[in-house]
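# mind looking at a prediction? Sequence and model below.
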Amino acid sequence: MIDIKILRNNPEKIKLNCKKRSVTNIDIDKLLGMDSDYLELLNNVENIRAKRNRLSKECKTNPEAREIVKGLKQELSDKEALLNELKAKINQQMAWLPNLLSPDVPDGNDDGDNEELKSWGDKPQFDFEPLDHQELGEKLDIIDTKRGGKVAQSGFYFWKGKGAQLASALFFWTQQELVKKGFTLFSTPCAAKEKTLYGTGYLPFFADQTYQLENEDLALIGTSEQVLVAYHGDEILASESLPLCYTANTPCFRTEAGSYGKETRGIFRVHQFQKVEQIVFCLPEDSETYHELCLQNEEYLLQQLNLPYRVVNVCIGDLGAPGYKKYDVDAFFPGFGNYREVCSNTNLNDFQARRLSVRYQDNNGTKGIVHTISATAVTDRVVCAIMENFQQADGSIIVPNVLRPYTGFDQIKS
RNA sequence: GGAGAGGUGGCCGAGUGGUCGAAGGCGCAGCAUUGGAAAUGCUGUGUACUCUCACGGGUACCGAGGGUUCGAAUCCCUCCCUCUCCGCCA
């Protein structure tokens, strides 16, 4: 949520931001008009209430006061109804305003315009034609998308046998590494109510991505970010307790409405995947630092796995509405022949925290709204990257050293 | 699923129509006392919105929403949530 005071004091800033982000469904001038109507009416209503409260105290001794207050009732309730209506309309519009942008965010329309910041690792050289993870997975009988479709739907899949062991090893190892780095591990609800999704900015912006449960105010989570950030909703955190660094390993459910084509081959874009997440709550002045720190963690993990990757600074057109600044980390997928996104790391600024009312207070009593960072650690996509990068001529896959203590084997072969 | 109890400020807890934004306690902060601390004493200590250059006002909030009333934490209705016991169960 944008601070409405920014809108009042500097509407041009908000207009420019909307223009940059190609937001056309909000009429800022109309919104401002509604807001000033609202403030005027609010003032009016509060004055009537003040009069009522004053006179009510006299009613015991002064029967005339009672008649005057009775006369105010209808006017007050009419105006209150109008006030509520106006407020709801304003909130509805405000909810669609995208976050402000960091000055670091590059211009651009889509992921092709993202700015590459660095790359790490050597792309593997093969003296054979490398396969993609789907084909490898089928040959080794460790990925089963066919039966995923049979029992659930296309877009669901099974990890099987050593594939499942490899995936479990990756997730467990990642959790351990993050805990070593000071993150608190959570096991979370995998369903969340509307307020939670709204508070984290997934509603209204990504409404078509959520699996809604029938006859319940519940949807399957699209990411543990939704529940981990909302965890501190309506709370005031002591500033000395910050930063709070949280992690969880959960399934993530996404309808992926409208995703077809080559990008969807294999288990790259699916309805359910597993993700280890990094969430940080911090003081506003520290969010840049922790945004970078989460990136370092992502890089550390990929380096430990020895996966070549690049880091990109995501451009305006590819940055979701709640984001203030975002880095993607793309691992190299030899079977696909290109880099593909495995991590995204977003500084959300106070956008979520304002919606959810997550505040801090320091020893002087100064209060403010915290900033949140939401960053991937690893997902199933990283397992796919491991498969494609460490495939051998005979179709087997070498397990990265760091995972061997958790898999109990160093190679997957048919 | 059945039966019961309950939701009040950071926490505990009083409060059944006006003097209640809310006693009392704990916690926290400041001051005094001390070599320093503990203990003790005094003082202060909710949130949000809004008006005002400011000092300082106003409004709202006792789980949520509605109703009754001149006036609701308190009465009525609906919903949500929590706890206890029984049953069932991964």
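Perfect, I can see it now. Being a predicted model, the structure only gives us computed values, none of them experimental.
# list the contacts for the closest residue to RNA strand B within the stretch 201-350 of chain A?
Going by Cβ to the nearest atom of the strand, RNA strand B is nearest to A:Ile236 of the stretch 201-350 of chain A, at 6.9 Å. For the C-beta atoms, the positions are set from N, CA and C on the backbone; glycine is no exception. Residues in contact with A:Ile236 (Cβ atoms under 8 Å, 6 or more residues apart in numbering) are A:Arg359, A:Tyr360, A:Gln361, A:Lys367.
# looking at those residues, which is nearest RNA strand B?
A:Lys367 (5.2 Å).
# A:Ser241 versus that closest one, what's the distance?
Between A:Lys367 and A:Ser241 the computed distance is 14 Å (Cβ to Cβ, to the nearest Å).
# related to what we said a few turns ago, for the residue of the stretch 201-350 of chain A closest to RNA strand B, pull up the helix or strand it's in.
Per DSSP states H and E: A:Ile236 is located in strand A:235-238.
# quick one: distance of that strand to the chain centre.
21 Å (Cα atoms, centre = their mean, to the nearest Å).
# who does that strand pair up with?
strand A:358-361 (parallel) (DSSP bridges).
# returning to that earlier point: list the strands paired with the next helix or strand after the strand holding A:Ile236, with their directions.
Note on strand A:235-238: by DSSP H and E, the next helix or strand toward the C-terminus is strand A:244-253. Strand A:244-253 pairs in its sheet with strand A:184-186 (parallel), strand A:272-282 (antiparallel), by DSSP bridges.
# deepest of these, which one?
When the strands paired with strand A:244-253 are scored by mean count of other Cβ atoms under 10 Å, the highest mean neighbour count falls to strand A:272-282 (a mean of 24).
# re earlier: mean pLDDT and distance to RNA strand B for the strands paired with strand A:244-253 - can I get that in TSV?
Rendered in TSV, the data for those read as follows (pLDDT from 0 to 100; distance: least, Cβ to the nearest atom of the strand, whole Å):
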stretch	mean pLDDT	distance to RNA strand B
strand A:184-186	94	17
strand A:272-282	96	17
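# redo those strands as TSV? Include distance to A:Asp111.
Formatted as TSV, those follow (distance: least, Cβ to Cβ, whole Å):
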stretch	distance to A:Asp111
strand A:184-186	30
strand A:272-282	19
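# which one of those lies nearest to A:Ser224?
Smallest distance to A:Ser224 across the strands paired with strand A:244-253 (Cβ to Cβ): 4.7 Å, for strand A:272-282.
# list the buried ones in the helix or strand containing A:Glu299?
Using DSSP H and E, A:Glu299 sits in helix A:287-305. For helix A:287-305, the neighbour count (16 or more other Cβ atoms under 10 Å) marks A:287-288, A:290-291, A:293-295, A:297-299, A:301-302, A:305 as buried.
# next SSE downstream of it?
strand A:309-313.
# any idea of the mean pLDDT for the following helix or strand past that next one?
Next along the chain after strand A:309-313, taking DSSP H and E as the criterion, comes strand A:325-333. Here strand A:325-333 scores 98 as its mean pLDDT.
# CA atoms only: put stretch A:49-60 into CSV for me.
The C-alpha trace of stretch A:49-60 is given here as CSV (Å, rounded to 0.1, in the frame of the first residue of the first chain):
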residue,chain,number,x,y,z
ARG,A,49,-20.6,13.4,16.8
ALA,A,50,-18.8,15.9,19.1
LYS,A,51,-22.0,17.8,19.4
ARG,A,52,-24.0,14.7,20.1
ASN,A,53,-21.5,13.6,22.8
ARG,A,54,-21.6,17.0,24.4
LEU,A,55,-25.4,17.2,24.5
SER,A,56,-25.8,13.6,25.6
LYS,A,57,-24.2,14.4,28.9
GLU,A,58,-26.8,17.1,29.5
CYS,A,59,-29.8,14.8,28.9
LYS,A,60,-30.3,13.8,32.5
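# now it: buried residues?
A:Leu55.
# need the residues that contact that stretch.
A:Ala65, A:Arg66, A:Ile68, A:Val69, A:Leu72, A:Leu76.
# swap in stretch A:67-82?
Residues from elsewhere that reach stretch A:67-82 (Cβ under 8 Å, 6+ apart): A:Leu41, A:Asn44, A:Val45, A:Ile48, A:Arg49, A:Lys51, A:Arg52, A:Leu55, A:Ser56, A:Cys59.
# out of those, list just those in helices.
Those of the contacts of stretch A:67-82 mapping onto helices are A:Leu41, A:Asn44, A:Val45, A:Ile48, A:Arg49, A:Lys51, A:Arg52, A:Leu55, A:Ser56, per DSSP state H.
# buried sites along the lowest-mean-pLDDT helix or strand in chain A?
Least confident helix or strand, chain A: strand A:235-238 with a mean of 85, by mean pLDDT, DSSP states H and E. For strand A:235-238, a neighbour-count test (16+ other Cβ under 10 Å) marks A:Leu237 as buried.
# shaky segments in the stretch 251-400 of chain A?
Residues of the stretch 251-400 of chain A that meet the criterion pLDDT under 70 lie in A:258-263.
# which ones among the ones in helices among the contacts of stretch A:67-82 also lie next to RNA strand B?
Among the ones in helices among the contacts of stretch A:67-82, the residues within reach of RNA strand B (Cβ under 7 Å from any atom of the strand) are A:Arg49, A:Arg52, A:Leu55, A:Ser56.
# cool, thanks, talk later.
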